[in-house]
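> After the sequence you'll find the predicted model.
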Amino acid sequence: MGHTQAVTSKDKSPKAKTKTERKAAEAAELERRKALRAQREFEAFGAERERRPGALSVYEVWWCQQYQWLKAHGYLLRPRYAPEWVPSWEGSQRHPFTCEDGHISQFPQIIDATRMSDDLYISLKVVDKSVHPHEVDIGQYFMMEHLASDPKNHCVPFLDVLSVPNEEEKQILVMPLLLDFTMPRFDTVGEVVECLRQLFEGLLFMHANHVAHRDCMSRNIMMDAKDLYPEPYHPAQPHMKRDFSGYANHLTRTQRPPKYYLIDFGLSRRYDATEKNPLEYPIFGGDKSVPEFQKNINVPINPFPTDIYYLGNVIREQFLYARSGLGFLKPLVDDMVQDDPSRRPTMEAVVKRFDSIRQKLSTWKLRSRVISVEDGLLENMYYGTAHWRRRIGFIVKRVSAIPRPSD
């Protein structure tokens, strides 16, 4: 990138070259995800006129208009969104993408900010009550003291809810700044096991409180990664430091166990405890593959078994298809994604079966490396060497093979 010093291939050691290639691969994966997201946004919002690199997008302009109002409420947007913003690359030869303020926010309705009272990095999400009338109520329900204090609660916390002036249908949710739950990569089987334990626990918690998520696909699973990074990552380009002074180094999930969260309650519904078989007309979320939605969408169905499919399909796509060494999950996942909703296990049954599976895994298995099916020879050599160096240290220090965050 423009801010890093060029190094010839002759000057690089094999290890340094591999690390550079690894960073480049991570950046390429991020760009691939952004391209896919852009395609989905095009489908949802239509085309936007062509912009100069680094210029504000149409939806970013709306956030700029909220800058002073949000600041008055104690939330500070990044310099890019300030009224007096002057692009840092102006008058120089730098490309906007090499600058901290040259990158757009990743989702139209979500932006990052800083809580001024304690410098906590947060995310802000604008919600249109006319489109998603239940999102705020359900999020605030899980913030009630007796639920918010429960360690089994993995619903993203709403730190604040703001009403947008002069736009009565719009509210802004204030939440912790979270990161895609698959990045950075999983190092050990034990890390995957802990991730799934939390996700199963979290969805069971929602179901036990009579709430169906109805869209718990991969993009709606996040983690609090702030402890994984010795220096803060950039919210729009997480592989970079927040100030864009270099790549963002990170620890492993064994070294700093994260907490995982279920987000986005826009399609969620809460039911009365006496309602044993609630029925809803199918509504497509991010995962379009739900078997029961491929038939007659005019027939209402119970949304709770659909949640089981969603989460099972996340595991199938993100772990069974994309990573090796996790075949012990397949029988459970196969049951979760059965075509017939009535044959899928309940979340309570899923949690019990998963706990039984976990107890049968040896410490050696739990400490073994998770290998991406896309890794080549050099990547496997690099990751394998680094993994074994850490693994020996964990064994000597008796670090748990299933890293759990402190409550």
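Arrived safely.
> When you work out contacts or count neighbours from here on, use the C-alpha atoms and nothing else.
Will do.
> Where does T252 sit: helix, strand or coil?
Judged by DSSP: H, G, I helix; E, B strand; the rest coil, the three-state class of T252 is coil.
> what sits against it?
Taking CA atoms under 8 Å, 6 or more residues apart in numbering, we find T252 in contact with 184, 186-187, 228.
> and it, how far is that from Q198?
17 Å (CA to CA, to the nearest Å).
> Equivalent analysis for Y382, please.
29 Å.
> If you count surrounding residues, which of these two has more?
More crowded of Y382 and Q198, by other CA atoms under 10 Å: Q198, with 21 against 16.
> nearest residue to the more buried one other than its sequence neighbours?
Spatial nearest neighbour of Q198, chain neighbours left out: Y260 (6.5 Å); criterion: CA to CA, 6 or more residues apart in numbering.
> Could you report the neighbour count for the one you found?
Y260 has 27 nearby residues by other CA under 10 Å.
> quick one, what contacts it?
Going by CA under 8 Å, 6+ apart, Y260 touches 154, 181, 195, 198-199, 221-224.
> Could you rerun that using 7 Å?
154, 195, 198-199, 222-224 (CA atoms under 7 Å, 6 or more residues apart in numbering).
> Strands - which of these land there?
Mapping the contacts of Y260 onto strands (DSSP state E) picks out 222-224.
> I'd like the distance from stretch 224-232 to the chain centre, please.
14 Å (CA atoms, centre = their mean, to the nearest Å).
> Show residues contacting that stretch.
By CA under 7 Å, 6+ apart, the residues outside stretch 224-232 that reach it are 178-179, 241-242, 248-252, 256, 258-260.
> for stretch 295-310, same thing?
212-214, 216-217, 277-282, 336-337, 341, 344, 347.
> Can you list the buried residues in it?
Buried residues in stretch 295-310, counted by 16 or more other CA atoms under 10 Å: 301-310.
> now swap in stretch 389-404 and tell me
Neighbour-count burial for stretch 389-404, counted by 16+ other CA under 10 Å, picks out 390-391, 394, 401-404.
> before we move on, what about stretch 202-210?
Under the neighbour-count criterion of 16+ other CA under 10 Å, stretch 202-210 has 202-207, 209-210 buried.
> so which of the residues you listed would you say is closest to F97?
Closest to F97 out of the buried residues of stretch 202-210 is G202 (37.2 Å), distances taken as CA to CA.
> The closest one against V156, yeah?
No. G202 lies out of contact with V156 (CA atoms under 7 Å); the separation is 10.2 Å.
> Now do the phi/psi pair for D180.
The phi/psi pair for D180 (degrees, to the nearest 10) reads phi -50, psi 130.
> pretty sure K295 is in a helix, no?
No. Assigned with three-state DSSP, K295 falls outside any helix and is coil.
> if I look at it, how far off is N313?
The value you get for K295 to N313, if CA to CA is used, is 19 Å.
> Please report how far E145 lies from L120.
Distance of E145 to L120, computed by CA to CA: 22 Å.
> the more surrounded of those two?
L120 (13 against 9).
> list the contacts for that one?
Residues near L120 by CA under 7 Å, 6+ apart: T114.
> Who does it form a beta bridge with?
On the basis of DSSP bridges, L120 takes part in beta bridges with R115.
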